[in-house]
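Engineer: fold the following.
(chains A and B)
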Amino acid sequence: MRPARVVEARDVADGVRRVVLEHAPGRPAEPGAHLQLVVHVDGPGGRRREVRSYSVVDASPDGTRSAISVLLTPTSRGGGRYVHSLSAGDDVECSAPLQGFPLRLGAGRYHLVAGGIGITALVAMARHLAARGADVVLDHVVRTRSRAAYADDLAALLGDRYRLHVDDEHGAFDVGALLDEVAAADGDGEGAVPGGAEAYVCGPIRLMDAVRRGWEARGLPASTLRFETFGSSGWYAPQPFTACIPEIGLRTTVGPDTTLLEALQRAGADLMYDCRKGECGLCRIDVASVRGVLDHRDVFLSRRQQEAGTSMCVCVSRVAALPAAQGGDGQPAELVLRLP
Amino acid sequence: MTDVQAEPLAAPGQVNAKIFPFPLNAWYVAAWDHEVTSKKPLARTVAGQPMALYRTADGRPVALADACWHRLAPLSMGKLVGRDGIQCPYHGLQYNSAGRCTKMPAQETVNPSALVTSYPVEQRYRYVWVWPGDPLLADPASIPDMHQMDSPEWAGDGLTIEAPCNYQLVLDNLMDLTHEEFVHHSSIGQEELSESDFTTRREADGSVTVTRWIRDVTPPPFWLKNIRDRFPGFEGRVDRWQIIHYYAPSTICIDVGVAPTGTGAPEGDRSQGVNGYVMNTITPETERSSHYFWAFMRNYRLDSQLITTQLREGVHGVFGEDEAMLAAQQRAIDANPGKEFYSLNIDAGGMWVRRILDEMLRAEGRA
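Structural biologist: Presented below is the predicted three-dimensional model:
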């Protein structure tokens, strides 16, 4: 971590704050890079320092400025609130750019797909590809128009290759139609592009899951679908639940603004973990029983393994009470884990 | 009276650096085309970056960073799998030619972050070229012109020298051929070399040309052999030329030859002489080591494999003398850390090269 200073902070869409950090010069962030920011969050034990990862939306060529943009949600675990409290002149700490979602060059066509605030991971990619004259199409899916951060910039950059889809106005986004378009560009038939098509997706888990399922169904190669996770969204809104590990006598409540891993660690469990974004699988633990439904938010377990429901990645995944429509009785969810 | 403020000269930058940094946003030769195969990967470091080079089943060359995403084991020790992939020799992770991980051990999914850098690669002029810098800037049109390497109008061959010195020392060596008189006195050297005048120009296309004509001299042994290959029994005096073409960052093609004095070669008629092109392209490996790829091409007696082999072996012997000098120079540089470089008139070509490299480094924010 290195010291940085906020030199610009302003809203770029409803609930989306753009913050520009000035720091010692370094290699400017590449498209797809993120940085870690030290955030101060209020919790049960008082104010504490935590680390959050945010995509770099743009960076100055001399590597002294990096911009992030953060959405404030009602279920914020504190990072969003902290970033929204910043203003020009504030001192913060951040890491050098880290690359977890690199752009590969050489594809014939790029399909960028952003859901909501996921656009922040794709703005820099769109700029770099456009500057290079690459064939790039960006689909930006938002619930309401006022939430579409960077829409004007992207429309100016890409023209009609920037396609803003507003659920409120246009109804549900048609993932199938988009994937048919990708498959046509990637195939051997008419409309295929030399070099094939690749997709980069960043958005809520429902969108990513729909794209992944459709991708597989069309027989597209798994290696040309890339997605950024951060494990930040699930199938269910975060809600409090109880977690137990009977063999060590652990029983704790997991609040909506904390992760299961954090709650277990705080309650005294000594667990292995690493990436904290549902990718590496090191925090996977066996599930003994669950009252409610497992809300898998990781990308480590295969769909088969998630559906089996016998293990979960506790860094990002949660449990939700079964909705009444599915026979839920209103009881809070409870999870029993088993150490290996 | 007007106060005229003279524009100050630009700071000298690092043009006199003894250990010259290398630009990253550039095409460098990583290997001869025949060295890169679809049988097993080749390990080679280019501009400080270890790479694993191989070909896909359909023959396309690939250059991946030579360190597995997982625990950095060298992929070049692994084996090629599938149509375009490589498998880590340690834990079996597999990557495709784009550098994306396609298989991980003991799990049903692949971590979406897992990949190794896949460098832009081009195969041209019998070489495999790689771009170690920002891939967004890699334009194949900026590969220097070395068309003599695979033109039907030229024949020849070459080899690689692993030179234990900074790449700029090799460029200095090739941009000033007066050293031939002292280093290569038994083959191509002659005392008229350092006596003859020369011109140095930076061309509009950014290249640098050093032109030297040595008129009415006795051909040295190497050139007497060559002209007799084409004109058996030749006797007499010749006009000799050395026209050095530098293309950034590190390619130097030298138009060389002799023609009988009085047959009009300096005026443009080389028909009574023999013409060769010494093709040199130098790839920095580390700060103190370089892969020096060279070939000697000629435009006469194209069908003679004997001459091709004789010239390759002959030049190999001559360049061995350069290699020994460059290695000794690097050792002396390292043994004299407190001493500077000074420049002579003969360094004009080399100094243009240094200025151009300095400009490239500045553009990368590395000066």
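
Engineer: show me the shaky parts of the chain.
Structural biologist: Reading this off chain A. Scanning chain A with the threshold set as pLDDT under 70 gives A:44, A:230-232.

Engineer: that's the other chain; I wanted chain B
Structural biologist: Ranges of chain B meeting pLDDT under 70: B:1-13.

Engineer: what does it have sitting close to chain A?
Structural biologist: Near chain A, the residues belonging to chain B are B:96, B:98-102, B:107-113, B:115, B:118, B:120, B:135-136, B:138, B:365 when assessed by CB under 8 Å from any CB of the partner chain. For glycine as for every other residue, the C-beta is placed from the backbone atoms N, C-alpha and C.

Engineer: so which of these belong to helices?
Structural biologist: Among these, no member is found in helices (DSSP state H).

Engineer: and the buried ones among these, selectable in PyMOL?
Structural biologist: Only the buried entries of those go into this PyMOL selection, using 16 or more other CB atoms under 10 Å in any protein chain shown:
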select buried, chain B and resi 96+98+99+100+101+102+109+110+111+112+113+115+118+120+135+136+138
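
Engineer: burial count for B:Glu153?
Structural biologist: Using other CB atoms under 10 Å in any protein chain shown, the number of residues around B:Glu153 comes to 9.

Engineer: what sits against B:Gln242?
Structural biologist: B:Gln242 is in contact with B:177, B:210-212, B:214, B:254-256, counting by CB atoms under 8 Å, 6 or more residues apart in numbering or on different chains.

Engineer: surely B:Glu191 and B:Glu181 touch.
Structural biologist: Yes - when contacts are counted by CB atoms under 8 Å, B:Glu191 is listed as touching B:Glu181 (5.7 Å).

Engineer: and these two? which has more neighbours close in?
Structural biologist: The residue with more neighbours, out of B:Glu191 and B:Glu181, is B:Glu181; 17 against 10, by other CB under 10 Å.

Engineer: A helix includes that one, no?
Structural biologist: Yes - counting by DSSP: H, G, I helix; E, B strand; the rest coil, one finds B:Glu181 located in a helix.

Engineer: go ahead and confirm A:Pro150 touches A:Val57.
Structural biologist: No, residue A:150 isn't Pro; it's Tyr. Yes - using CB under 8 Å, A:Tyr150 is in contact with A:Val57, at 7.4 Å.

Engineer: helix/strand/coil for A:Ala114?
Structural biologist: A:Ala114 - assigned by three-state DSSP - is strand.

Engineer: hmm, back to that, can you redo the contacts of B:Gln242 as CSV with secondary structure?
Structural biologist: Shown next, in CSV, are these (three-state DSSP):
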residue, secondary structure
B:Leu177, helix
B:Val210, strand
B:Thr211, strand
B:Arg212, strand
B:Ile214, strand
B:Ile254, strand
B:Asp255, strand
B:Val256, strand
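
Engineer: in JSON lines, list those residues along with neighbour count and distance to A:Pro25.
Structural biologist: Output for those, formatted as JSON lines (neighbours: other CB atoms under 10 Å in any protein chain shown; distance: CB to CB, whole Å):
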{"residue": "B:Leu177", "neighbour count": "24", "distance to A:Pro25": "41"}
{"residue": "B:Val210", "neighbour count": "24", "distance to A:Pro25": "38"}
{"residue": "B:Thr211", "neighbour count": "16", "distance to A:Pro25": "42"}
{"residue": "B:Arg212", "neighbour count": "20", "distance to A:Pro25": "44"}
{"residue": "B:Ile214", "neighbour count": "19", "distance to A:Pro25": "50"}
{"residue": "B:Ile254", "neighbour count": "20", "distance to A:Pro25": "40"}
{"residue": "B:Asp255", "neighbour count": "17", "distance to A:Pro25": "43"}
{"residue": "B:Val256", "neighbour count": "21", "distance to A:Pro25": "46"}
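
Engineer: looking at those residues, spot the one nearest A:Val12.
Structural biologist: Using CB to CB, the shortest approach to A:Val12 within the contacts of B:Gln242 belongs to B:Val210, at 55.3 Å.

Engineer: how far away is the closest one from B:Gln190?
Structural biologist: The gap separating B:Val210 from B:Gln190 is 18 Å, by CB to CB, to the nearest Å.

Engineer: tell me where the stretch 101-250 of chain A has strands.
Structural biologist: In the stretch 101-250 of chain A, the strands defined using DSSP state E, counting those that start in this stretch lie at A:109-115, A:136-142, A:162-166, A:197-202, A:225-228, A:241-245, A:250-254.

Engineer: can you redo these as JSON lines with distance to B:His245 and mean neighbour count?
Structural biologist: Shown next, in JSON lines, are those (distance: least, CB to CB, whole Å; neighbours: other CB atoms under 10 Å in any protein chain shown):
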{"stretch": "strand A:109-115", "distance to B:His245": "38", "mean neighbour count": "26"}
{"stretch": "strand A:136-142", "distance to B:His245": "38", "mean neighbour count": "24"}
{"stretch": "strand A:162-166", "distance to B:His245": "46", "mean neighbour count": "19"}
{"stretch": "strand A:197-202", "distance to B:His245": "40", "mean neighbour count": "25"}
{"stretch": "strand A:225-228", "distance to B:His245": "43", "mean neighbour count": "22"}
{"stretch": "strand A:241-245", "distance to B:His245": "72", "mean neighbour count": "21"}
{"stretch": "strand A:250-254", "distance to B:His245": "70", "mean neighbour count": "17"}
